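Peer 1: Fold the following and give me the result.
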Amino acid sequence: MEKPKFDTVFFERYAMITLHSILGEHFAHLKNYDRPDLQDVAHGIGIEVTRAIKENRIEAEMLINEMAGAEIFNLNEADRQRALQYGYSYGLIYGSSMGKLEQQYWSLALPLKRIIKSKVQKVSDGFYGFFPEFGLYIFSKDNLTQSEIELAAQYTIDLQRDNKIRYSELFISQINQLSVCNLQTQTIDNYPISNDQCNQFYCAAVE
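Peer 2: Numbering: from 1, shown residues only. You can find the predicted model right below:
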């Protein structure tokens, strides 16, 4: 059986659609490029999209077990068929379901602190070029608490405090919530995402 191609476009498109739908016109003109993944050159916005898991053995073992099983479960039949057709289950339900095309995406996920540290270093080094407004959008494999979100934001602020090029926003994406961390004002806004919105984002991302 042919191994599924590693493809990050679904998640980048999902992030792009989520930002526009939840946060409005400011993110209406993003395009899916590379270095960084989402760009609006005219308005000076660059957003890198990545993924993270919790830093503990239990979560890592759960991910391995999910991949080994390679089964789609906890979905109703209509969503199960969509996951089989498109290869992705993210956005259909929160939990352990994993489509065949997203297995490698999550298998390469680093723990949250490590991925933040890596991305902060890369943006500081100019790896993503220069944009007046840089954002880091992280898909979380796990359901994070508000305290964990706050710690992630503060960790990012502390890491890049003396950097000339830095992220101005940290987005933490969970299926039913988008947390927007303004790293300049040090504030966090949580936006709930309804099941209807999840369905809308999923359908637009797989088109």
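
Peer 1: give the contact list for residue 99.
Peer 2: Neighbouring residues of residue 99 by CB atoms under 8 Å, 6 or more residues apart in numbering: 72, 83-84, 86-90. For glycine as for every other residue, the C-beta is placed from the backbone atoms N, C-alpha and C.

Peer 1: Nearest residue to the middle of this protein?
Peer 2: Nearest to the mean C-alpha position of the chain, by CA atoms, centre = their mean, lies residue 139 at 2.5 Å.

Peer 1: Look up which residues are beta-bridged to that one.
Peer 2: residue 51, residue 173 (DSSP bridges).

Peer 1: Tell me the pLDDT of it.
Peer 2: According to the predicted model, the pLDDT of residue 139 comes to 95.

Peer 1: Can you list the buried residues in stretch 28-39?
Peer 2: For stretch 28-39, burial by neighbour count (16 or more other CB atoms under 10 Å) applies to 30, 36-39.

Peer 1: Make JSON lines out of those residues and add pLDDT, secondary structure and distance to residue 186.
Peer 2: Listed next are the buried residues of stretch 28-39 as JSON lines, based on pLDDT from 0 to 100; DSSP: H, G, I helix; E, B strand; the rest coil; distance: CB to CB, whole Å:
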{"residue": "30", "pLDDT": "97", "secondary structure": "coil", "distance to residue 186": "25"}
{"residue": "36", "pLDDT": "96", "secondary structure": "coil", "distance to residue 186": "23"}
{"residue": "37", "pLDDT": "96", "secondary structure": "coil", "distance to residue 186": "25"}
{"residue": "38", "pLDDT": "97", "secondary structure": "strand", "distance to residue 186": "23"}
{"residue": "39", "pLDDT": "97", "secondary structure": "strand", "distance to residue 186": "26"}
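
Peer 1: Using CSV, please lay out the residues you listed together with distance to residue 111.
Peer 2: Formatted as CSV, the buried residues of stretch 28-39 follow (distance: CB to CB, whole Å):
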residue, distance to residue 111
30, 27
36, 21
37, 20
38, 23
39, 27
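
Peer 1: State the pair within these that is farthest apart.
Peer 2: Spanning the widest gap among these are 30 and 36, at 10.2 Å by CB to CB.
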